[in-house]
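Trainee: Sharing a sequence plus its predicted fold:
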Amino acid sequence: MDIANLFYDQGLSQYALDFMQSSSMTPFNQLENAQRIQSIMNIPYYSRQIIAHTLERGTTERIKLNTLFNEESIALRNIQIKRKSTRSFHEHINLEELANLLLNSYFITERFEKHSHHLSRRSIPSGGALYPVDLYYINLNTIGLQRGVFVYNPHEEALELLQPAGDKKNFFRQLRKCFPEAVLGSWNLDLISGIVVFGGVLNRSSCKYGDRGLRFVLMDVGALCQNLHLSAAAGGVSCCAIGGYIDQNLNDFLGFQQPDECALLSMFIGK
Ligand SMILES: Cc1cc2nc3c(=O)[nH]c(=O)nc-3n(C[C@H](O)[C@H](O)[C@H](O)COP(=O)(O)O)c2cc1C
């Protein structure tokens, strides 16, 4: 093993790369996927059966949990109760509300001296403090921000413009290819303020942890998704995590270098 090449070598095995491939939504499997999802969603009995399905535990002793929540816990609990997925938006958020959303979800909580093995801690736990997920913002209609593709820089607390939208019609047409109606259902892009994309840099984690690093990247996405949800609930913004997109099209739209860089989840933002 040559440590100097660690980041440039592929840290994932062919099995892990195959998993990323086989779990992708493509133009060829999108209808099959959509039918499978619809057939479960159309019959509530199936959903109940799936959720109720756990391994048999046998007889267990049950200890009832009681607590007196302190003030901060109650505040957190109330935000969690408020948190929900919203699928119909009526207003657009403005730049200030977007700033609130991002700055309150993913930020530097502690900076270390130069000699520390990691440079800073952030607002989510992350395997090895490697933070292998970057947040992208595809701005459709946020008030006070130009239309285009941005990457969020948590160090500078800034959005960096990667690509201005250019012609609106064409921009929306390209985006529709990423989020086709067959997979997503009938969302009107005009009513969405913007789309957060969770972009994984797989090798940032796998160069240290190998295939296990892939799990860790996905866990960062989960933590970020919840943080965005909570921060949206606290800031009066609505959102919905969206896993229904064509991977290759969204990766191309964002200019990701595959297989290392890839869109792992998206989230529609509005009001
Ligand atoms: C990974 C992930 C993918 C999701 N994908 C979609 C999606 O494609 N379309 C959608 O309408 N909701 C999607 N959701 C939202 C879930 O359906 C929602 O979280 C769930 O129904 C629970 O509702 P709640 O968030 O309001 O509590 C997704 C959520 C997660 C975490």
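Mentor: Done, it's in. Residues are numbered from 1 along each chain as shown.

Trainee: Show me which residues of the stretch 1-150 of the chain are close to the ligand?
Mentor: 84, 85, 87 (CB under 6 Å from any ligand atom). C-beta coordinates here come from the backbone N, C-alpha and C atoms, glycine included.

Trainee: Go again with 5 Å.
Mentor: 84, 85 (CB under 5 Å from any ligand atom).

Trainee: Any idea how many residues pack against residue 139?
Mentor: 22 (other CB atoms under 10 Å).

Trainee: Chain neighbours aside, what residue packs nearest to it?
Mentor: In space, and not counting its chain neighbours, residue 139 is closest to residue 194: 4.7 Å by CB to CB, 6 or more residues apart in numbering.

Trainee: List the contacts of the one you found.
Mentor: 93, 98, 137, 138, 139, 140, 141, 142, 269 (CB atoms under 8 Å, 6 or more residues apart in numbering).

Trainee: Phi, psi for it please.
Mentor: phi -170, psi 170 (degrees, to the nearest 10).

Trainee: Could you do residue 250 as well?
Mentor: phi -70, psi -40.

Trainee: so residue 13 makes contact with residue 212?
Mentor: No. The criterion here is CB atoms under 8 Å, and residue 13 misses it with residue 212 at 10.7 Å.

Trainee: picking that back up, which strand residues bridge the residue nearest to residue 139?
Mentor: residue 139, residue 269 (DSSP bridges).

Trainee: what about it, distance to residue 73?
Mentor: As judged by CB to CB, to the nearest Å, residue 194 and residue 73 stand 32 Å apart.

Trainee: Mind telling me the two of the contacts of residue 194 farthest from one another?
Mentor: Farthest pair in these (CB to CB) is 93 and 138. Separation: 13.6 Å.

Trainee: No further queries at this time; thank you.
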